[in-house]
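Engineer: Provided below are the primary sequence and the corresponding predicted coordinates.
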2 protein chains.
Amino acid sequence: MNFFLDFHSRTPIYEQIKEQITALVGSGVLKADDQLPSLRQLSSELSVNINTIKRAFSDLEVQGIIYSVAGKGSFISNGTQRDVIAQSALEDAKLAISKAKSMGAKKNDILKIVNNIYEGDETT
Amino acid sequence: MNFFLDFHSRTPIYEQIKEQITALVGSGVLKADDQLPSLRQLSSELSVNINTIKRAFSDLEVQGIIYSVAGKGSFISNGTQRDVIAQSALEDAKLAISKAKSMGAKKNDILKIVNNIYEGDETT
DNA sequence: TAACTGTACTAATCGTAATAGCACAGTTGA
DNA sequence: TCAACTGTGCTATTACGATTAGTACAGTTA
C-alpha cells in the first residue's frame, strides 16, 4: 500500500488517507471485499497514530466505501459506489474549472490540459 | 465589494478573501491602481476582524497582486500578473482533473463539464 | 487639527488535528 | 484453551493555526 502523505499540508492526514483509498477504489485497483491493511499495520507503516487511521477508516465506512469487522479487518465495500466516487471527483473538478474561468482562463487552456491528461485515450 | 464568506468552511477566511480578490483581478473587474475598500471598512462590512483582512491583504501584497500605502489605502498592482493568476488557477484545475481521472472519471465527463461551463463561448 | 488610511505589536480564545494510552471484544489458528 | 492478531471505544493531552480583541504608532488629506 503506497501512500504519500504530506505532513505539512493544510489538508489533514486522515483526509489524505481517505482520498487515496478512495482513489484506489475509484480507479479499480481495489475491488469489492479486498482487505485493507490493519489499523496497526498502517499506523506503523505510515508513522501515523492509530487513532488517525481509525478516523479515516470510520469516515470511509460512513461513506459506504469500506466496511470493518472487529477481529477480521477492513474491506472494500461491494456495490456501485464507484460511480459515486467518480461523480464527487467530477464535482471537485467542476469547481476548479469554474474558478479557473472566473480568473480569466480560456476554454482552450482547459481543453489542452484535459487532452494532455487523457493523452492516448480517445473517448473512454 | 460583494464577498461571499463561508464561516464554516475548512479554508480560512483570509484565504477566501484572497481568492475572491484574486478572481476579481484575474477576470478584469479590478484593474491596475483601482482602490480596494479600507481594512476597517471591509472588516465592518464582512463582520471579520481587521487583523484577518490585514492578513489577506499582506499575503496579496507579497504575491504582487496588490500594493498598500500607509495613509492612502490598498490598490491593485499594475503589471502582467493577470496571466500569472490565470496560470495558477489552471494549475489547480489540472490537479482536480487529474484526481478525477484517477478516480475513474471519463474524458467525456470532463469535456461535458467544460462545455457546460463555457456555454456560449467558442474558442475564447 | 480631525478623520481617515495602513502597520505592528501582544494576548487571549477557540477549534481541531494528532498523539498517547488504556481497556474491551471478536476472530483465528496452533 | 491460549496467543496473536483484528477493530472499537473511550479519556486526556499536546500542538498548531485561525480568529478576535485591544492598543499604539505613523502616513495622508482636507
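Structural biologist: Received, thanks.

Engineer: what is the rounded mean pLDDT of the one helix or strand residue A:88 maps to?
Structural biologist: In this assignment (DSSP states H and E), residue A:88 forms part of helix A:81-102. In this model, helix A:81-102 has a mean pLDDT of 90.

Engineer: packing partners of the following helix or strand past it?
Structural biologist: Where DSSP H and E defines the elements, the next helix or strand beyond helix A:81-102 is helix A:107-117. Helix A:107-117 sits against helix A:81-102, helix B:81-102, helix B:107-117, with contacts defined as 3 or more C-beta pairs under 8 Å, 6 or more residues apart in numbering or on different chains; DSSP states H and E. All C-beta spots, glycine's among them, are computed from the backbone N, C-alpha and C.

Engineer: quick one: buried residues of the first one?
Structural biologist: The neighbour-count check on helix A:81-102 (16 or more other C-beta atoms under 10 Å in any protein chain shown) flags A:81-82, A:85-90, A:92-94, A:96-102 as buried.

Engineer: turn the helices and strands packed on helix A:107-117 into a markdown table, including distance to residue B:23.
Structural biologist: Formatted as a markdown table, those follow (distance: least, C-beta to C-beta, whole Å):
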| stretch | distance to residue B:23 |
| --- | --- |
| helix A:81-102 | 5 |
| helix B:81-102 | 8 |
| helix B:107-117 | 14 |
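
Engineer: shaky segments in chain A?
Structural biologist: A:80, A:122-124 (pLDDT under 70).

Engineer: who touches the residue of it most remote from its centre in this structure?
Structural biologist: Most distant residue from the mean C-alpha position of chain A: residue A:104, 29.1 Å away (C-alpha atoms, centre = their mean). By C-beta atoms under 8 Å, 6 or more residues apart in numbering or on different chains, the contact set of residue A:104 is B:26, B:27, B:28, B:82, B:85, B:86, B:89.

Engineer: next: residue A:36.
Structural biologist: A:1, A:21, A:30, A:42, A:57, A:66, A:73, A:74, A:75, A:76.

Engineer: how close does it get to residue A:65?
Structural biologist: Separation of residue A:36 from residue A:65 (C-beta to C-beta, to the nearest Å): 10 Å.

Engineer: okay, and the common contacts of these two?
Structural biologist: The contact sets of residue A:36 and residue A:65 overlap at A:21, A:76 (C-beta under 8 Å, 6+ apart).

Engineer: how about the residues of chain A near DNA strand D?
Structural biologist: A:10, A:36, A:38-41, A:50-51, A:54, A:57-58, A:61, A:68-74 (C-beta under 7 Å from any atom of the strand).

Engineer: domain assignment for chain A?
Structural biologist: Chain A breaks down by automatic domain parsing into domains covering A:13-76, A:81-117.

Engineer: just put these in TSV and tack on distance to residue A:5.
Structural biologist: Shown next, in TSV, are those (distance: least, C-beta to C-beta, whole Å):
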stretch	distance to residue A:5
domain A:13-76	6
domain A:81-117	20
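
Engineer: please identify the deepest-packed of those.
Structural biologist: domain A:81-117 (a mean of 19; mean count of other C-beta atoms under 10 Å in any protein chain shown).
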